[in-house]
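Undergrad: Build me a structure from this.
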Amino acid sequence: MKNLLLSILSLLCISTGQAQDIDFCQYFYLNFSTREENGESIRAYNPEIKLRQQDTLSWFLQKHNNRFNYLLWNKLGDLNAVAEIYPDTLTMDSVFCDLMYSNSLFMFYVNNVLPNSFRNPEITPDTFSTEEMMMVASRFFYCIEIKESDTIIMSHICVSTKDPGFNPFPRDMTLLEAFAFEGIFYCLLHEEKSTIDANFKRYVNESLDRQKDKAGNLDELLIHVRHECFALMEDDQDLKYSLINYYYNNRDNLNFTLR
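TA: Numbers count the residues shown, from 1 in each chain. From the prediction side, this is the model:
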């Protein structure tokens, strides 16, 4: 019995140590690439998850890549200073690592979308309502532009929108945003007979028919349809059911409560 208790205590210590001592520089990096376009060399850079790691945390990051990609793409801030160091990739990796760890808010977000075994246990989980979840999720369904030739509206499910017609959320919804972004794409790819994308396209077409004669110009028409589709997706019951189901299947790796 004594040996069994010692073994359990050892495992708990290892688990707690993992939660506090993860070297995220081993898992995240700034990927740099170049391409030729119209005779010019175009540089592109994106923070990404390293795929060569083969440990438990790495497998989790890859399985749930969309939540971490959302945070990497939207919450790290300006990475131009890191990209300017290219082609000195060793220095670039070091500066990126320092920038990542100096961003305490980014590290807070990452910690709260990890499994219990890797998470800092001292952080109290936040609580979000299903109404807030749907408000956040609806903003990913975005009408981008309207074609002047035939007034067809181009739309897609995007990773980030900065729509001037909507005020910022009344509180920090970042964890909910990362969850919703991942949940939407999981449902689209893995649910049998998912109707989420079809519902969105139907809302776009129906809204366009309703708004055509009300808008003074195409820009105004696009904004009306975009905002109406936000509202329709916010009330979409198929999306709500799918996201709630995804949350309950992932409660052990999301440090917030959904009510």
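
Undergrad: C-alpha from now on. contacts and neighbour counts both.
TA: OK.

Undergrad: dump the residue contacts of residue 143.
TA: 153-156, 204, 222, 225-226 (CA atoms under 8 Å, 6 or more residues apart in numbering).

Undergrad: Show only the entries of those found in strands.
TA: Using DSSP state E, the members of those that fall in strands are 153-156.

Undergrad: Where does pLDDT dip in the stretch 1-150 of the chain?
TA: 1-20 (pLDDT under 70).

Undergrad: which residue ranges form the helices in it?
TA: Along the stretch 1-150 of the chain, the segments classed as helices by DSSP state H, counting those that start in this stretch run 2-20, 56-63, 65-75, 80-83, 89-102, 104-111, 130-138.

Undergrad: For residue 46, find the nearest of these.
TA: helix 65-75 (7.3 Å; CA to CA).

Undergrad: For the closest one, buried residues please.
TA: Across helix 65-75, burial judged by 16 or more other CA atoms under 10 Å covers 66-72, 74-75.

Undergrad: Grab the two from the residues you listed that are most spread out in space.
TA: 66 and 75 (13.5 Å).

Undergrad: Helices of the stretch 151-259 of the chain, start to end?
TA: 174-190, 196-211, 218-234, 237-249.

Undergrad: Which positions within the third one qualify as buried?
TA: If you call a residue buried by 16+ other CA under 10 Å, then helix 218-234 has these buried ones: 221-234.

Undergrad: before we move on, what about the last one?
TA: Within helix 237-249, the residues that qualify as buried by neighbour count (16+ other CA under 10 Å) are 239-240, 242-244, 246-247.

Undergrad: Stretch 32-43 too?
TA: Those would be residue 32, for stretch 32-43 by 16+ other CA under 10 Å.

Undergrad: so how far is it from its chain's centroid?
TA: 27 Å (CA atoms, centre = their mean, to the nearest Å).

Undergrad: What's the end-to-end length of that stretch?
TA: One end of stretch 32-43 sits 7 Å from the other (CA to CA, to the nearest Å).

Undergrad: Could you do stretch 66-84 as well?
TA: 27 Å.

Undergrad: How about stretch 42-55?
TA: 35 Å.

Undergrad: Name the residues that touch that stretch?
TA: Against stretch 42-55 from outside (CA under 8 Å, 6+ apart): 26-36, 58, 61-62, 65, 68-69, 72-73, 83.

Undergrad: can we see that at 10 Å?
TA: Residues outside stretch 42-55 that contact it (CA atoms under 10 Å, 6 or more residues apart in numbering): 24-36, 58-59, 61-62, 65, 68-69, 71-74, 76, 79-80, 82-83, 86, 96.

Undergrad: Just put the contacts of residue 143 in JSON lines and tack on pLDDT and distance to residue 185.
TA: Output for the contacts of residue 143, formatted as JSON lines (pLDDT from 0 to 100; distance: CA to CA, whole Å):
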{"residue": "153", "pLDDT": "88", "distance to residue 185": "21"}
{"residue": "154", "pLDDT": "89", "distance to residue 185": "19"}
{"residue": "155", "pLDDT": "86", "distance to residue 185": "15"}
{"residue": "156", "pLDDT": "84", "distance to residue 185": "12"}
{"residue": "204", "pLDDT": "93", "distance to residue 185": "19"}
{"residue": "222", "pLDDT": "91", "distance to residue 185": "25"}
{"residue": "225", "pLDDT": "92", "distance to residue 185": "23"}
{"residue": "226", "pLDDT": "92", "distance to residue 185": "20"}
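
Undergrad: nearest to residue 135, of those?
TA: residue 226 (14.0 Å).

Undergrad: Hmm, the closest one is touching residue 207, no?
TA: Yes. In this structure, residue 226 is within contact of residue 207 by CA atoms under 10 Å, at 8.7 Å.

Undergrad: returning to what we had before: the ones in strands among the contacts of residue 143, buried ones only, as a ChimeraX selection?
TA: To isolate the buried ones among the ones in strands among the contacts of residue 143 in ChimeraX, judged by 16+ other CA under 10 Å, type:
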select :153,155
